[in-house]
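# Sequence isn't available, so here's the structure alone:
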């Protein structure tokens, strides 16, 4: 998995040292500072998959962003954590969230195309800035807390002045969706990465492109600074690579995953760097030597994001689950997630083709019973005969609130024939279609049975 041919003999020694530490063997070296304070094993509170997590610089707080359109501000204390605020202001899935250094604010970006600025002390939305409705996937904030940059799926990155709450520049040079954007540590440069496989360097003051630093060939999903001169990227082909900024070339390949790499992170102290991939694997390495500390499957489905807890050797990771889970790198504890298995979105053994279609198409967002309640979408319990947009306790889009659609075999079939974007323009529902009439009919039959109230 790792290319060791170019490594110095000392790096090989560091691998042995690190491996000894992880397995509990005594050895004469020192890893990043550790704290034995209690951290919540899971952060439970969202109603759908979690797209992003960010830990505060003091390690005491966290922000999570979810497919359920909400952001939760957490205090990382006790056995379960404490929800300080549940913040709702976006009209679609929230894809990323970040603390604003030196303030009590946070920023977020969403599938609805907007950037949100939040007051964490109250949980209020201060401003929501939207110039197009293209999905915004990633957001980063400068170290001085004055600027934010957001990676947008219209081929641009957008620069925002946070004190004045304005979009101030459009960075356009990529030939595809922009997936990641970060600032240099001094805030004078921005680095963007996109589906075109390129990493581009920008000057912040003039908002102009300086150069194309690297072209990978495969799309790049994630980007982080390893140090002042090195960038780490994660790509669709499973590559976790290191690029020199000054030399504008790739230096090495830290890892090669079997699935696309979805997230990369560097610890606050700069000692560790890691990746999360599309198959639920987290890999962690020492920055100084490249030594592997961890490479372990931690969840079902993708690791959409993770973050190191400052002052510890621990990470929180997020994905298809509606909770964030803690994993300890040292002392090592990658124990089983505390959840009922299989989880509602996992494919179960079933001879019913309709149930299999529900699991594939619907189960991440919807439940079937009133006990499970609303998730990213409303519960489908008692669906047939119900007017769309009328279930109490769920925040519907205007498209659903204003429609006259009543759910029955015909309208549910139309939803999967045409797609929700065609049937209900403006809906927040993700696009789902079924080309097979037989599979569609199997799903409708299953839903009629599984969502019916008991007689």
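Happy to help now that I have it. Nothing here was measured: the structure is a model prediction, and the numbers come from that model.
# Against residue 260, how distant is the closest residue to residue 414 other than its chain neighbours?
Spatially, and ignoring its direct neighbours in sequence, residue 414 is nearest to residue 423 (5.6 Å; Cβ to Cβ, 6 or more residues apart in numbering). C-betas here are computed from N, CA, C, even on glycine. Per Cβ to Cβ, to the nearest Å, residue 423 is found 31 Å from residue 260.
# And for residue 127?
Taken as Cβ to Cβ, the span from residue 127 to residue 260 is 33 Å.
# Looking at the two, which has the bigger crowd around it?
residue 260 (19 against 16; other Cβ atoms under 10 Å).
# Provide a list of residues in contact with that one.
Under the criterion of Cβ atoms under 8 Å, 6 or more residues apart in numbering, the contact list for residue 260 reads 221, 234-238, 277-278.
# Let me know the closest of those residues to residue 50.
For residue 50, the nearest member of the contacts of residue 260 is residue 278. The distance, counting by Cβ to Cβ, is 15.5 Å.
# where does the residue nearest to residue 414 fall, phi/psi-wise?
Its backbone dihedrals place residue 423 at phi -70, psi -40, with angles given as degrees, to the nearest 10.
# How many residues are close by it?
Neighbours of residue 423 using other Cβ under 10 Å come to 18.
# is it true that it touches residue 412?
No: under the contact definition of Cβ atoms under 8 Å, residue 423 does not touch residue 412, with a separation of 10.2 Å.
# Show me the helices in the chain, by range?
In chain order, the chain shows helices spanning 9-22, 353-361, 398-401, 409-418, 420-423, 437-450, with DSSP state H as the criterion.
# chain center to the fifth one, what's the gap?
Helix 420-423 sits 26 Å away from the centroid of its parent chain (Cα atoms, centre = their mean, to the nearest Å).
# What of stretch 150-166?
Offset of stretch 150-166 from its chain centre (Cα atoms, centre = their mean): 18 Å.
# List the buried residues in that stretch.
Taking 16 or more other Cβ atoms under 10 Å as the basis for neighbour counts, the residues of stretch 150-166 that come out buried are 150-160, 162.
# Contact partners for residue 44?
Here residue 44 is in contact with 80, 322-323 (Cβ under 8 Å, 6+ apart).
# I should have written residue 228 there, sorry.
Listed by Cβ under 8 Å, 6+ apart, the contact set of residue 228 reads residue 185.
# Adjust the sequence numbering to begin at 49 for everything that follows.
Okay, using 49 as the starting number, the last item reads as residue 276.
# do you know how far it is from residue 259?
According to Cβ to Cβ, residue 276 and residue 259 sit 17 Å apart.
# How many residues are close by the nearest residue to residue 161 once chain neighbours are set aside?
The shortest distance from residue 161 to any residue that is not its chain neighbour, by Cβ to Cβ, 6+ apart, is 4.1 Å, and that residue is residue 181. Here the count is done by other Cβ under 10 Å, and residue 181 has 13 residues near it.
# Now do stretch 467-478: everything it contacts.
With contacts defined as Cβ under 8 Å, 6+ apart, stretch 467-478 is touched by 117, 139-140, 160, 413, 425, 436, 445-448, 451, 453, 459, 462-463, 479-481.
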